[in-house]
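Colleague: Based on what follows, work out the 3D shape:
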Amino acid sequence: MGGVSTVGDRVDRVPKQDRSRATRQRLLEAAVACLAEHGWAGSTVSVVAERAGVSRGAAQHHFPTREDLFTAAVEYVAEERSTALRDLFPDGAADDRHAVVSALVDLYTGPLFRAALHLWVAASNEDQLRPRVTELEARVGRETHRIAVDLLDADETRPGVRETVQGLLDMARGLGLANLLTDDTARRERVVAQWTGLLGEVLG
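Modeller: Residues are numbered from 1 along each chain as shown. Below you'll find the predicted structure:
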């Protein structure tokens, strides 16, 4: 009898784990959407829980503090975007550098970048949040840099190459900021073309 009960418990546990995972994902996606739309001040755990369709208690079960929820949310979506970026170039280094530069620039547009920006601004004023966001940004930045190096087939042992890749990502972030206020598509395309040419000269 004991064996039957154990199997039954195990069967019951799988759907619970799936439900828990789905709830966590809904909370993370809702947190990013709220942060992008309402900023830090307007994004409370209660607001996120309501948007995700779960109770505040369920939200706090997964994320005990507000800082836990929002840093996890931005990290989650950043990882999703990194995966999507790599999936665009499944064979690794791409022949079309212009396509790579465009894809890297696109990382800094849309709701994720807007949400991350609100988190950065909040972290500059919130002592509890600052170390979490600083550590998160360092980790996301290293991963993005690694992806850029791989896709551009950049040899960082050559003088100036590492700085050029870093400059590309800094430029992409700046274009993302400009795009928050107005549609910057036309200027962005010209800058992407220019940077593609510069990369060709530096990377060979």
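Colleague: Show me the residue at the heart of this structure, geometrically.
Modeller: In the chain, the C-alpha nearest the mean C-alpha coordinate belongs to residue 78, at 1.7 Å (Cα atoms, centre = their mean).
Colleague: my guess is that one meets residue 142, correct?
Modeller: No. Judged on Cβ atoms under 8 Å, residue 78 makes no contact with residue 142 at a distance of 11.5 Å. C-betas here are computed from N, CA, C, even on glycine.
Colleague: one step back: contacting residues for the residue nearest to the centre of the chain?
Modeller: Taking Cβ atoms under 8 Å, 6 or more residues apart in numbering, we find residue 78 in contact with 112, 116, 140, 143.
Colleague: What subset of these is buried?
Modeller: Neighbour-count burial (16 or more other Cβ atoms under 10 Å) applied to the contacts of residue 78 gives 112, 116, 140.
Colleague: Flag the shaky bits of the chain, pLDDT-wise.
Modeller: Where the chain drops to pLDDT under 70, the residues are 1-14.
Colleague: how does it look with 80?
Modeller: Counting by pLDDT under 80, the chain contains low-confidence ranges at 1-18, 92-94, 110-112, 184, 204.
Colleague: Apart from its neighbours in sequence, what residue is nearest residue 164?
Modeller: residue 202 (4.7 Å; Cβ to Cβ, 6 or more residues apart in numbering).
Colleague: Then residue 116?
Modeller: residue 74 (5.3 Å).
Colleague: want to try TSV for the contacts of residue 78, with distance to residue 151 as columns?
Modeller: Putting those into TSV (distance: Cβ to Cβ, whole Å) gives the following:
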residue	distance to residue 151
112	19
116	21
140	16
143	13
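Colleague: which among those residues gets closest to residue 185?
Modeller: When those are compared for distance to residue 185 (Cβ to Cβ), residue 112 comes out closest, at 17.9 Å.
Colleague: Could I get the contacting residues of the closest one?
Modeller: Contact criterion Cβ under 8 Å, 6+ apart gives 32, 36, 74, 77, 78, 81 as the residues in contact with residue 112.
Colleague: neighbours around residue 21, how many?
Modeller: Residue 21 has 11 neighbours, counted by other Cβ atoms under 10 Å.
Colleague: What's the separation between it and residue 55?
Modeller: 17 Å (Cβ to Cβ, to the nearest Å).
Colleague: got it, and residue 93?
Modeller: From residue 93 across to residue 55, the span is 47 Å (Cβ to Cβ).
Colleague: Show me the helices in the protein, by range?
Modeller: Per DSSP state H, the chain has helices spanning 2-38, 45-52, 56-62, 66-88, 97-106, 111-125, 130-152, 161-181, 185-203. These are given in chain order.
Colleague: How about residues contacting the last one?
Modeller: Think helix 185-203. Identification of contacts with helix 185-203 by Cβ under 8 Å, 6+ apart yields 97-98, 101-102, 105, 152-155, 160-161, 164, 168, 171, 175, 178-179.
Colleague: May I see the PyMOL selection of the buried members of those?
Modeller: For anyone working in PyMOL, the buried entries among the contacts of helix 185-203, judged by 16+ other Cβ under 10 Å, can be selected with:
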select buried, resi 97+98+101+102+105+152+154+161+164+168+171+175+179
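Colleague: Thanks again, I'm all set now.
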